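>>> coords below, sequence missing:
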């Protein structure tokens, strides 16, 4: 079981967007990178194509390293670590700070 999942609320711990919060849009476990909504926005030049006839410069979100984000505690809203506890047949994620279950 993974500690972070898509649609989890996280906070950025390091980099130019330190302190920003957002939802995880995608996770790449091979490169250990996550794309967070509204974080690490860069400008990219796009060539004209069928979908975008004009082309031009667009803003897009780039991935940040998974070690630079931390899950937000559902109780306090502050960054916390995650522990995985085996309950019966399945594993459950818990926030370390408040010991509450993460859905």
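Cool, got the structure. Small disclaimer: the values here were computed from a predicted structure and weren't measured. Numbers count the residues shown, from 1 in each chain.

>>> tell me which residues of stretch 12-30 are tucked away?
12, 17, 20, 21, 22, 24, 27 (16 or more other C-beta atoms under 10 Å). In short, each C-beta sits where N, CA and C put it, glycine included.

>>> contact partners for the spatially most central residue of the chain?
Centroid-nearest residue in the chain: residue 24, 3.3 Å away (criterion: C-alpha atoms, centre = their mean). Counting by C-beta atoms under 8 Å, 6 or more residues apart in numbering, residue 24 makes contact with 4, 5, 6, 7, 8, 10, 34, 35, 36, 37, 69.

>>> surely it is in a strand?
Yes. The assignment for residue 24 by DSSP: H, G, I helix; E, B strand; the rest coil puts it in a strand.

>>> distance check, it against residue 11.
Relative to residue 11, residue 24 is positioned 11 Å away (C-beta to C-beta, to the nearest Å).

>>> who touches both of the two?
residue 69.

>>> got the contacts of residue 24 as JSON lines, with distance to residue 91 columns?
Below are the contacts of residue 24 laid out as JSON lines (distance: C-beta to C-beta, whole Å):
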{"residue": "4", "distance to residue 91": "14"}
{"residue": "5", "distance to residue 91": "12"}
{"residue": "6", "distance to residue 91": "17"}
{"residue": "7", "distance to residue 91": "18"}
{"residue": "8", "distance to residue 91": "16"}
{"residue": "10", "distance to residue 91": "20"}
{"residue": "34", "distance to residue 91": "20"}
{"residue": "35", "distance to residue 91": "25"}
{"residue": "36", "distance to residue 91": "24"}
{"residue": "37", "distance to residue 91": "26"}
{"residue": "69", "distance to residue 91": "21"}
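
>>> and which of the residues you listed is nearest residue 63?
residue 35 (5.0 Å; C-beta to C-beta).

>>> from residue 76, how far out is the closest one?
Distance from residue 35 to residue 76, by C-beta to C-beta: 25 Å.

>>> those two: which has the busier surroundings?
residue 35 (19 against 12; other C-beta atoms under 10 Å).
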